[in-house]
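In: this is the structure alone, sequence omitted:
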């Protein structure tokens, strides 16, 4: 964090009022400064409380009520005080036949997409590391998947891979003689040697890796530029080959940034709704929890169940993240 | 051949092969998009394997049809662009104004709970939007604010503010405070310092953050879908492409023209801001 001003540790006053029990009396100018700071922060704090904190609490109360979309007219944030509360919604959503496979699929989707996009990002950054003519232009081009509006990216992929008029299928048919493949509509495909592979799900993961590798690329690229050159000179003198330099100089320097990137991307991919919704609508074996939440909320008009499932989503994510952070911490100690 | 010589040669080839691979996977979809947007749909169905249009068949029909209003037999995309520009524009103004104030407080003023407040606001950026989507949907439905731009703008503001605050804070903390102190001694008020010293000095960073916020709002899909889908006149560009494809049955090449149209502002904005943007995003993370 880059805050230059640090408050003394102790009780925090996120509300905005100046502290009543200051340990030692602050000077009037100090107090005026603090009051001005809270005033400047007030809109940001208000937005956070009203649009983030309160909804989080409402989500809990909604998940405990039986609530249908048509009954919303009578809904009040504090209606749960009179309502009959219970875990029916949680029983309902976890009792679905597909529930556990949906949870598993969500974890796999997030993990695979994250790892692949990081690998691609590191690979691209290493390839682009040393200057060459036109590097600036190539670098800008590599950021395109991330910058492209998601609807445009998804629509282009669906068109390219379409079984009727997709260019990929047309080329595959002409050059390799394969029969047309419905990448986003076919649940599994039998490949020689490997056997049955989940097709639509793999394609969605490929899209995710493609779309987010530039994000890893920018960060890794920036980090690479900051590695001191003399480390490589020393390594060269010691007789290290290129792969050894990567193993002993570059990779250790990247570990910190990769850990942060993994965390960020995992959280975002785990909660991803838009990519899958736009590509398959959750069909052909690509249904993840976020799609299921949308289904409960809009398709089945059941906000209570949707709220319960969104809490389960957050809980599963927290479990995976805790495991990851523990594992990182243990590895750093070793 | 020694291991050294082998690796030298291997990685020299691998490097160029890799660069070619990455250029291919990023440029190919762009070419498909551009190529199709200039072709009539019949040409796509006859020759799906053709990447670029024949010179003779290039037409701008897709662009005129997607953009012209429904009364003129088009798909009314110009209206969606207006909606998106309005929503994204207001979001930028809100997010920047309050982001600047908060970032100034965070880097220049002393108050209790500073680190807690700052961390809490930035953490919001990591929260899964779906956890808020349900209660916000319930609340705004209850308030009768669906479909409504206001609801969407408020939500976009809340979710772009943390990033704006984070990036501006990084920048402000790198700007020397001497000039501000000099202005204070000359009798400027604190608000005056922000308006006449901090904002002009940080103009590039502020513009960059503004572009980033604009791009996020322009591109957003989930909340647009939840809050605006019922009223065709309220659709944003993202929603427009999706709905025109899914429910209206629009020819693929016409929709491709729409994709090109919504991509252009983003690409222009991004190339203007690219250097600042990548530095602003990564500056906090590359310290040793």
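Out: Nice, I can see it. Computed from a prediction, not measured in an experiment: that's the story for all the values here.

In: so what's the residue lying closest to residue B:81 once chain neighbours are set aside up against?
Out: Counting by C-beta to C-beta, 6 or more residues apart in numbering or on different chains, the nearest residue to residue B:81 once its immediate chain neighbours are dropped is residue B:237, at 5.9 Å. For every residue, glycine as well, the C-beta is placed using N, CA and C. Residues counted as contacts of residue B:237 (C-beta atoms under 8 Å, 6 or more residues apart in numbering or on different chains) are A:149, A:151, B:77, B:80-81, B:83-84, B:218, B:258, B:261-262.

In: of all the residues you listed, which comes closest to residue A:230?
Out: Residue A:230 has its nearest neighbour among the contacts of residue B:237 in residue A:149, at 43.4 Å by C-beta to C-beta.

In: what sits against the closest one?
Out: Residue A:149 touches B:218-219, B:237-238, B:259, B:262-263, B:266, counting by C-beta under 8 Å, 6+ apart.

In: now name the helix or strand holding the residue nearest to the spatial centre of chain A.
Out: By C-alpha atoms, centre = their mean, chain A has its centre lying nearest to residue A:268, at 1.1 Å. Using DSSP states H and E, residue A:268 falls within helix A:251-270.

In: could you do residue A:189 as well?
Out: Counting by DSSP H and E, residue A:189 is part of strand A:188-191.

In: roughly how far is the following helix or strand past that strand from the heart of the chain?
Out: Proceeding N to C from strand A:188-191, the next assigned helix or strand is strand A:195-198, under DSSP H and E. Between the centre of strand A:195-198 and the centre of its chain there are 26 Å (C-alpha atoms, centre = their mean, to the nearest Å).

In: pull out the buried positions in strand A:195-198.
Out: residue A:198 (16 or more other C-beta atoms under 10 Å in any protein chain shown).

In: who touches it?
Out: A:187-191, A:285.

In: ok, stretch A:153-168 next?
Out: A:145, A:169, A:180-185, A:203, A:207, A:211, A:275, A:278-279, B:29, B:32-33, B:36, B:44-45, B:48-51, B:241, B:245, B:252, B:255-256, B:259.

In: now it: mean pLDDT?
Out: Average pLDDT, stretch A:153-168: 90.

In: got the contacts of strand A:195-198 as TSV, with neighbour count columns?
Out: Shown next, in TSV, are the contacts of strand A:195-198 (neighbours: other C-beta atoms under 10 Å in any protein chain shown):
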residue	neighbour count
A:187	14
A:188	15
A:189	17
A:190	9
A:191	10
A:285	17
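
In: redo those as a markdown table? Include distance to chain B.
Out: What follows is those, written out as a markdown table (distance: C-beta to the nearest C-beta, whole Å):
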| residue | distance to chain B |
| --- | --- |
| A:187 | 20 |
| A:188 | 24 |
| A:189 | 20 |
| A:190 | 24 |
| A:191 | 21 |
| A:285 | 20 |
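
In: and what about residue A:239, helix, strand or coil?
Out: coil (DSSP: H, G, I helix; E, B strand; the rest coil).

In: that one: how many residues sit nearby?
Out: 8 (other C-beta atoms under 10 Å in any protein chain shown).

In: and the strand holding residue A:189, how far out from the chain middle?
Out: 28 Å.

In: test my guess that residue B:267 contacts residue A:146.
Out: No. Residue B:267 lies out of contact with residue A:146 (C-beta atoms under 8 Å); the separation is 11.8 Å.

In: quick one on the thing from earlier: so what's the backbone phi/psi at the residue nearest to residue B:81?
Out: phi -60, psi -40 (degrees, to the nearest 10).

In: enumerate the positions of stretch A:241-249 that are buried.
Out: Buried residues in stretch A:241-249 (16+ other C-beta under 10 Å): A:241-242, A:245-246, A:249.

In: straight-line length of that stretch, end to end?
Out: In stretch A:241-249, first residue to last residue: 11 Å (C-alpha to C-alpha, to the nearest Å).

In: is that stretch positioned near chain B?
Out: Yes. Under the criterion of C-beta under 8 Å from any C-beta of the partner chain, chain B is reached by stretch A:241-249 at A:241-243.

In: turn these into JSON lines, columns for distance to residue B:134 and pLDDT.
Out: What follows is the residues of stretch A:241-249 next to chain B, written out as JSON lines (distance: C-beta to C-beta, whole Å; pLDDT from 0 to 100):
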{"residue": "A:241", "distance to residue B:134": "55", "pLDDT": "87"}
{"residue": "A:242", "distance to residue B:134": "51", "pLDDT": "87"}
{"residue": "A:243", "distance to residue B:134": "50", "pLDDT": "88"}
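
In: could those go into TSV alongside distance to residue A:60?
Out: Shown next, in TSV, are the residues of stretch A:241-249 next to chain B (distance: C-beta to C-beta, whole Å):
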residue	distance to residue A:60
A:241	57
A:242	54
A:243	52
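
In: ok so, going back, which one of the contacts of residue B:237 is nearest residue A:253?
Out: residue A:149 (34.1 Å).

In: my guess is residue A:38 contacts residue B:112, does it?
Out: No. Using C-beta under 8 Å, residue A:38 makes no contact with residue B:112, being 9.1 Å away.
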